[in-house]
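Colleague: Here's my sequence, what's the structure:
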Amino acid sequence: MWPFRRRQPDLDEALRQVLTAYADLTPKEVKAALSAASGLPKTQLDVGDIVLVMVRDDELSLIPSLLTKVTDCVLENSFCIEAIMSSLVLISTHPGEKGAPEARRFELVDRLRQTLAGDAKIAHGRKERLRGTLGSEGRSAWGSCLPYFGKALSALERANLGEVIDI
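Modeller: I've put the predicted structure just below:
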C-alpha cells in the first residue's frame, strides 16, 4: 500500500540482497538507492474542482444515511472523496485529472442539492491546491491542501441548510 505504509526492515534487507547480487553497486550505492526509494512523493501544485458538503448534524441518527447519499452521488458523478470528517465531506476531481469542465462540478452540486434537499449545506469552487502525500513516513495520507480552507469552512458554517455557496 505504498506510500501509505512504511516499508518493513525485512523488505529492506531483501532489496539490499537483490541489489548486491544482481547489480554492480558498492554498499554505499545500495544504501543510497534504498534511502531514495523510501522517500515520500512530493506534493504538486494544480487547479481543480472542490466541493464541501456539510450534512445536518443536529440528529446523530441521520448522519450515516446522509453521508451514504453524498458518497453515492460522488461516485455516480466520477469525483473523488478526499476526506469525511464527522458530518463534513471534502470532494474533488480525481488525481491527475486535467482540464475537467466546470460543468461537471455544477452537475454534481445540483445532484447533491436535489438528493439532500434541506439536509445539507454545499460550498464549491475551482481552486489552486497542493496535492500529494502529506505527513511523514511514519504516518502519511494522500490528499490536498487548500488555501484559505478555514474561510471556506466558516462560510459553510454560516450558511443555512439547503444553501449552496461559491467559494
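Colleague: Please count neighbours and contacts with C-alpha atoms only from this point.
Modeller: OK.
Colleague: Residue 165 bridge partners, please.
Modeller: Under DSSP bridges, the beta-bridge partners of residue 165 are residue 123.
Colleague: List the contacts of it.
Modeller: Contacts for residue 165 (CA atoms under 8 Å, 6 or more residues apart in numbering) come out as 122, 123, 124, 156, 159.
Colleague: With residue 63 instead?
Modeller: 55, 56, 57, 87.
Colleague: how about the strand or helix carrying it: buried residues?
Modeller: Assigned by DSSP states H and E, residue 63 belongs to helix 63-76. Going by neighbour count (16 or more other CA atoms under 10 Å), the buried part of helix 63-76 is 63, 66, 67, 70, 71, 73, 74.
Colleague: ok, these vs residue 45, which is closest?
Modeller: residue 74 (23.2 Å; CA to CA).
Colleague: Could you report the neighbour count for the closest residue to residue 164 other than its chain neighbours?
Modeller: Nearest residue to residue 164 in three dimensions, chain neighbours excluded: residue 122, at 4.7 Å (CA to CA, 6 or more residues apart in numbering). Counted with other CA atoms under 10 Å, the neighbours of residue 122 add up to 27.
Colleague: quick one: residue 122 and residue 21, what's the gap?
Modeller: 57 Å (CA to CA, to the nearest Å).
Colleague: got it, and residue 48?
Modeller: Residue 48 is 46 Å from residue 21, by CA to CA.
Colleague: who's more crowded, these two?
Modeller: Remark: of residue 48 and residue 21, residue 48 carries more neighbours, 22 against 10, as counted by other CA under 10 Å.
Colleague: May I ask which helix or strand encompasses the more buried one?
Modeller: Going by DSSP H and E, residue 48 is part of strand 44-55.
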